[in-house]
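Asker: Here you go, sequence then predicted model.
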Amino acid sequence: MSAVTPLEHARAGLDSCVHCGFCLQACPTYLALEDENDSPRGRLVLMRAVLDGRVAIDDADVATHLSRCLGCRGCESACPSGVPYGHLLEAAREQLAAVRPLPLVARVILWVFARKPVLRVALWFGRMARDTGIAAELARLPGALGFPFAMLASTAREPARPWTPRAAPTRATVATLDGCVMEGLFTDVNRATERVLAENGYALCAAPGQQCCGALHVHAGDAASARTLARANIAAFEASGAEFVASNSAGCGAMMKEYGQLLADEPQWRDRARAFSAKVRDASELLAAAGPRAGATVPRRITYDAPCHLEHAQKAGGPALQVLAAIPGLEHTVLDDRDQCCGSAGIFNLIEPNVSELVLSAKMRCIAATQAPMVATGNPGCLMQIGAGLVRDGRGAVARHPIELLDESYARQER
């Protein structure tokens, strides 16, 4: 008897689609390309055809339309039938990757992210390109040639004002996920996250041995690598003894909250994975639960873009807005289509740059309409994607993590 394929394993989710079409207007690639095959409903029809044997999984059109999906899961929020589209997409891509290798650039990136020492070296070179100004110069190159350098340039930060948390640790113990890109390119945001959690009464625990969360791998179809990384993270955070695991990266948080499903077929890890996932919180969720404590006035005008994997995958969009609302003096202009994807989607912007640019262009028009000099968003991919768009449009606007603003509020108060 042949092994059950990933799509066969996910058949129940596929059966729940009633083809109503509510997902169409929630899909950035459908809106950009105007092709039913590049909508959630169209892709589900392709998956069904593969499952029923009417179309081969390695058919070129199947690969094209599955690869063009951002995996933003906006369709899940719009779906009245509760179709688990994200998990179906991952199953289809896992099955596709077994017969059709990923593009070379994707394979190289995933290989690097699965090997922490190699990743550290790669991110060191990224920081050097940013800090020496090379990235800003190369960002002027046209199209997809310059965009990765614009992403790097957008991660530059002025040194944060130093301040020391003074609150007593009266709340739960928390271990934070360092993250790959967050620790490598947004180091100051990680330190700010630790400070504001401590200032709101959380006791921080170290979790040595943690790895990449595996989100990039599972989204690309490399579920085997994602499971290996998940096991390592579960063991590392278990050893920390923390009551909660906090992430300031929406994509990483969503992945870790789904370790229970990722390892559901492994008896030795299933229960541990579910227990671990139950402890995972976005940092904004913990801060919202604590208040958060108000700091000094921050006289800034911002708009907020909701990271897809916070809004649609974690269903936790509210806490980030609560954090921003708690900062005195902050003027928030609401962004049209703030729940639509910006086009980053992990490594999507590197392997499907043309589609990514179409999606980002729609986002940038909405941002420009707000005339806000700062865009707040809580995911490294979104910060770099939107940040690159802002670098290239030359208006002088910047992208920042909401926690950076709360950290600034506390720093101003101490001063």
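Answerer: Right, received. Where do you want to start?
Asker: Tell me what the residue lying closest to Ala242 once chain neighbours are set aside is bridged to.
Answerer: With sequence-adjacent residues excluded and distances taken as Cβ to Cβ, 6 or more residues apart in numbering, Ala242 is closest to Ala175, at 3.7 Å. Where C-beta positions appear, they are placed from N, C-alpha and C, glycine not excepted. Listed beta-bridge partners, Ala175: Cys205, Val245 (assigned using DSSP bridges).
Asker: Can you read off the pLDDT for Ala175?
Answerer: Model confidence at Ala175, given as pLDDT, is 98.
Asker: Is it in contact with Tyr202, as I believe?
Answerer: No - counting by Cβ atoms under 8 Å, Ala175 does not reach Tyr202; the two are 10.2 Å apart.
Asker: quick one: which of those two has more around it?
Answerer: Tyr202 (28 against 23; other Cβ atoms under 10 Å).
Asker: That one contacts Ala168, doesn't it?
Answerer: No - assessed by Cβ under 8 Å, Tyr202 is found out of contact with Ala168, at 10.8 Å.
Asker: what residues do Ala175 and Tyr202 have in common as contacts?
Answerer: Common neighbours of Ala175 and Tyr202, using Cβ atoms under 8 Å, 6 or more residues apart in numbering, are Phe244.
Asker: and the spatially most central residue of the chain, what is it in contact with?
Answerer: Nearest to the geometric centre of the chain sits Gly251, at 2.7 Å (Cα atoms, centre = their mean). Gly251 is in contact with 213, 215, 307, 309, 346, 379-381, counting by Cβ under 8 Å, 6+ apart.
Asker: Could you chop the protein up by domain?
Answerer: 6-97, 293-414 (automatic domain parsing).
Asker: Quick check: end-to-end length of stretch 158-171?
Answerer: For stretch 158-171, the first-to-last residue distance is 31 Å (Cα to Cα, to the nearest Å).
Asker: For it, give me every contacting residue.
Answerer: So stretch 158-171 is contacted by 188, 191-192, 195-196, 198-203, 290, 293, 404, 407-408, 410-412, 414-415 (Cβ under 8 Å, 6+ apart).
Asker: And the residue nearest to the centre of the chain, how far from Leu70?
Answerer: To Leu70, Gly251 is 12 Å away according to Cβ to Cβ, to the nearest Å.
Asker: Val298 now?
Answerer: Taking Cβ to Cβ, one finds Val298 at 32 Å from Leu70.
Asker: what does Gly329 give?
Answerer: Taken as Cβ to Cβ, the span from Gly329 to Leu70 is 35 Å.
Asker: So between those two, which is more surrounded?
Answerer: Leu70 (25 against 13).
Asker: And what about the closest residue to the more buried one other than its chain neighbours, helix, strand or coil?
Answerer: Counting by Cβ to Cβ, 6+ apart, Leu70 lies nearest to Ala345, which is 4.0 Å off, once chain neighbours are set aside. The three-state label given to Ala345 by DSSP: H, G, I helix; E, B strand; the rest coil is coil.
Asker: Can you get me a residue count around Ala345?
Answerer: 28.
Asker: Surely it and Val355 touch.
Answerer: No - counting by Cβ under 8 Å, Ala345 does not reach Val355; the two are 9.6 Å apart.
Asker: distance between the ends of stretch 391-407?
Answerer: 24 Å.
Asker: who's in contact with the residue nearest to Ala242?
Answerer: For Ala175, the contact set (Cβ under 8 Å, 6+ apart) comprises 204-207, 237, 240, 242, 244-246.
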